[in-house]
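Structure of the sequence below:
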Amino acid sequence: MRRIQALLSCAVLGLAVGVPAPALAQCTQDFTMATCASSDVVIDELNAVSVVDPCTSYADSAQVILDAVIHNVTSPPAGRQDIAIFVAKNGGSAQTGGSCLHDYLEPPLTTSPTYGDANGDAVPDIHNGDWLDAEPFTMPHDDCGDLASGTQAIKTLQSEVTPLQISCVDTNGDGQVDVDVCVSWSNGTSNRCQQLSEAHPAGSTTCGCARVDVLPEPGAAVALACGAALIAFAGRIRAA
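Residues are numbered from 1 along each chain as shown. Next up is the predicted model:
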């Protein structure tokens, strides 16, 4: 009976439509009227670390945990300070929309971080801290992480307890669910940033945005899981 219930659950899941949870207005233009036309810092990838609840249709929403690969592509010694990230949750714009995840490189910080290459792309990176502190002499102390030129910060967005909820949209028709993402920063070491609400574009051009693929075509994960369950169940019936 439990096996049959599991198979029925797969069928029901294929018809289910998620309801996005309400979110605060935390996109870039809620902090400053930035044009976000710069490309000093970019999002190389948004990798799904875990899919808590997959997309079952384009009308659905998914719950995911993502690793954001944030890359300062400028030449030395052009560091960028007070890095923040904005991810649109409703399929819209992370710049002008009204529903975004807003995150930053939070403490602990260090003036001598340990770099690795967690994603194997030959670019030095820091994975989930301790982040670079390039403003150690700012008073009061600056508590927002920075990004040296030619390096990446790989930041995990949300957790199993509070996964990120995103709309299942495919704006470019490539069969992948995509989201709009903006990254912001400040130039120089004179800007004070002590908390998340102060991590935002420091000027009209100190941010950049892009749409990034994050998940396969809606229903693909469910189909694979349910197909595997059906094959296993059929095998047990034949064995019996």
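
Just the CA atoms of stretch 40-47, as CSV, please.
The C-alpha coordinates for stretch 40-47 follow below in CSV (Å, rounded to 0.1, in the frame of the first residue of the first chain):
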residue,chain,number,x,y,z
ASP,A,40,33.1,45.2,-12.7
VAL,A,41,31.6,42.4,-10.6
VAL,A,42,29.5,39.7,-12.2
ILE,A,43,27.6,36.5,-11.4
ASP,A,44,29.5,33.7,-13.0
GLU,A,45,27.0,31.0,-11.9
LEU,A,46,24.0,30.2,-9.7
ASN,A,47,24.4,26.5,-8.8
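
Could you number the chain from 67 rather than 1 from now on?
Yep, numbering from 67; the last one is stretch 106-113 now.

where exactly do the strands run in this protein?
107-119, 127-138, 147-154, 166-170, 175-176, 191-193, 197-198, 218-223, 230-233, 243-252, 273-281 (DSSP state E).

Throw those into CSV and include mean pLDDT, mean neighbour count and distance to His207, thanks.
The way it works is simple: take the backbone N, C-alpha and C, and place the C-beta from them, glycine included. Output for the strands of the chain, formatted as CSV (pLDDT from 0 to 100; neighbours: other C-beta atoms under 10 Å; distance: least, C-beta to C-beta, whole Å):
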stretch, mean pLDDT, mean neighbour count, distance to His207
strand 107-119, 97, 18, 23
strand 127-138, 98, 22, 22
strand 147-154, 97, 27, 13
strand 166-170, 97, 23, 15
strand 175-176, 98, 18, 9
strand 191-193, 99, 20, 19
strand 197-198, 98, 23, 14
strand 218-223, 98, 21, 20
strand 230-233, 97, 22, 29
strand 243-252, 97, 26, 15
strand 273-281, 97, 21, 24
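
Would you mind giving those strands as TSV with distance to Pro267 added?
Output for those, formatted as TSV (distance: least, C-beta to C-beta, whole Å):
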stretch	distance to Pro267
strand 107-119	11
strand 127-138	14
strand 147-154	8
strand 166-170	12
strand 175-176	20
strand 191-193	22
strand 197-198	19
strand 218-223	17
strand 230-233	21
strand 243-252	4
strand 273-281	4
